[in-house]
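Asks: Got a sequence here, can you model it:
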Amino acid sequence: MATTKEYRGRHEIFTQILQTVRDSGSEGIPQTLIMYRSFLSYFQLKEYLSALVENGLVEKFLQQINGRQDGNGNEKFLYRITEKGLRFLHISQEIERLMGVRWEHTDSTIQTDVMSKL
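Replies: Residues are numbered from 1 along each chain as shown. The predicted structure is shown next:
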């Protein structure tokens, strides 16, 4: 039995990244976890994440990691959602509700029932 893969659109990928970052909380999340949880390649992540940062939907910040006893630790970049990003998610969810579109991130398909809403 042959199956075809449904591809996600840009909007769905942006939404998935924002949901992943939002769900991580205010402490932030490293890009590797965003990549895994959003089901993206490294190159896709770089493209989408940089667009979100440039547009002010996600904030990139440096966190000091104090793993050594002498106080000299490493640094790593983390990401957290901004108020603008939260507004984007809210508006996206409202559009999905009004249009009868539901994004299913587990298998990257879109379920629509637009005609029954009219």
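Asks: hang on, E75 packs against L62?
Replies: Yes - between E75 and L62 there is a contact under C-beta atoms under 8 Å: 5.3 Å. In this view, the C-beta of every residue, glycine as well, is placed from N, C-alpha and C.
Asks: Now the element after the helix or strand where R80 lies, going C-ward?
Replies: For R80, the element it lies in under DSSP states H and E is strand 74-81. Sequence-wise, the next helix or strand downstream of strand 74-81 (DSSP H and E) is helix 83-99.
Asks: Pull the distance from that following helix to the chain's centre.
Replies: Mean-position distance between helix 83-99 and its chain equals 13 Å (C-alpha atoms, centre = their mean, to the nearest Å).
Asks: Check stretch 77-97 too.
Replies: Worked out by C-alpha atoms, centre = their mean, stretch 77-97 lies 9 Å from the chain centre.
Asks: what ranges do the helices span in the chain?
Replies: 10-23, 31-38, 42-54, 83-99, 114-117 (DSSP state H).
Asks: so which of those helices is the most packed in?
Replies: helix 10-23 (a mean of 19; mean count of other C-beta atoms under 10 Å).
Asks: Show residues contacting that helix.
Replies: Applying C-beta atoms under 8 Å, 6 or more residues apart in numbering, the set of residues contacting helix 10-23 from outside is 8, 29, 33-34, 37-40, 44-45, 48-49, 51-52, 57-58, 79-81, 85-86, 88-89, 92, 103, 105, 108, 110.
Asks: in stretch 75-85, what's buried?
Replies: For stretch 75-85, burial by neighbour count (16 or more other C-beta atoms under 10 Å) applies to 78-82, 85.
Asks: Can you list the neighbours in contact with that stretch?
Replies: Stretch 75-85 has contacts (C-beta under 8 Å, 6+ apart) with 18, 21-22, 24-31, 34, 49, 52-53, 55-65, 89.
Asks: Nearest spatial neighbour of F61, chain-adjacent residues omitted?
Replies: Nearest non-adjacent residue to F61, counting by C-beta to C-beta, 6 or more residues apart in numbering: L78, 5.9 Å away.
Asks: Let's have the buried residues of stretch 75-85 in JSON lines, adding distance to M99.
Replies: Formatted as JSON lines, these follow (distance: C-beta to C-beta, whole Å):
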{"residue": "L78", "distance to M99": "34"}
{"residue": "Y79", "distance to M99": "29"}
{"residue": "R80", "distance to M99": "29"}
{"residue": "I81", "distance to M99": "23"}
{"residue": "T82", "distance to M99": "25"}
{"residue": "G85", "distance to M99": "21"}
